[in-house]
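K.L.:
predicted coordinates and the sequence they were generated for:
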Amino acid sequence: MKKQFNRMKQLANQTVGRAEKTEVLSDDLLQIEKRMELVRQVSHNAHKKLVSCLQGQLGTDTEKRQKKLPLTALSQAMQEGGSQLGDESMIGKMINACAEAEGKLATELMQHEVLLERDILEPLNQLAEVDIPNILKQRKQLAKLVLDYDSAKTSNIAIVLGPNLLWPKTEG
């Protein structure tokens, strides 16, 4: 309780300008710290928009993902239609060729989405939801420790110099 009181007192004194505030971060680090929240927000927004662009389900295995793609459904429907028409007819051959092309497109799209998820979405999410919040948490911890240090330094000065030097007696 006393530690919290001293911390609040030190913070109030630093805010008013009566107490010395220890600076532990360089100007470059302070500039980086200011941009960190913007980077987190941009990463979060980009992740959200990229996920909305995916046609397959995020996080599923490749086989399930490919089955859910509209191109796969189109390919299967075309294969069924082509087999009903038969390979003897020209239109049946054309529909089967189109079905094969749609199937290949579905496979390419699925592979693209899996790579996108692995190489872009997961790192963006890691940055926005884990790394930057951890950095901000550590920064808050550093601020508390610096405040405790300043408070301890001030109380040690008060003990060494005595209370008369910090709070002059009023006559009267």
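P.N.:
Alright, I've got the coordinates.

K.L.:
quick check: the gap between the residue most central in space within the chain and residue 118.
P.N.:
Note on the chain: the residue nearest the mean C-alpha position is residue 128, at 0.6 Å, using C-alpha atoms, centre = their mean. Computed with C-beta to C-beta, to the nearest Å, the distance linking residue 128 and residue 118 is 17 Å. No exception for glycine: its C-beta is placed from N, CA and C like everyone else's.

K.L.:
can you give me the helices for the protein?
P.N.:
Using DSSP state H, the helices of the chain run over 2-16, 27-53, 62-68, 70-85, 90-116, 122-126, 132-161, 163-166.

K.L.:
can I get those in JSON lines including mean neighbour count and mean pLDDT?
P.N.:
Output for those, formatted as JSON lines (neighbours: other C-beta atoms under 10 Å; pLDDT from 0 to 100):
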{"stretch": "helix 2-16", "mean neighbour count": "13", "mean pLDDT": "66"}
{"stretch": "helix 27-53", "mean neighbour count": "12", "mean pLDDT": "87"}
{"stretch": "helix 62-68", "mean neighbour count": "15", "mean pLDDT": "87"}
{"stretch": "helix 70-85", "mean neighbour count": "16", "mean pLDDT": "94"}
{"stretch": "helix 90-116", "mean neighbour count": "16", "mean pLDDT": "94"}
{"stretch": "helix 122-126", "mean neighbour count": "15", "mean pLDDT": "93"}
{"stretch": "helix 132-161", "mean neighbour count": "13", "mean pLDDT": "77"}
{"stretch": "helix 163-166", "mean neighbour count": "10", "mean pLDDT": "52"}
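
K.L.:
how about the closest residue to residue 44 other than its chain neighbours, what does it touch?
P.N.:
Distances taken as C-beta to C-beta, 6 or more residues apart in numbering place residue 128 nearest to residue 44, at 4.2 Å, with adjacent residues excluded. Residues in contact with residue 128 (C-beta atoms under 8 Å, 6 or more residues apart in numbering) are 40, 41, 43, 44, 47.

K.L.:
now do residue 82
P.N.:
Contacts of residue 82 (C-beta under 8 Å, 6+ apart): 92, 93, 95, 96, 98, 99.

K.L.:
can you tell me which of those is closest to residue 59?
P.N.:
For the contacts of residue 82, the closest approach to residue 59 (C-beta to C-beta) belongs to residue 99, at 28.4 Å.

K.L.:
pretty sure that closest one contacts residue 75?
P.N.:
Yes. Counting by C-beta atoms under 8 Å, residue 99 touches residue 75, with 5.0 Å between them.
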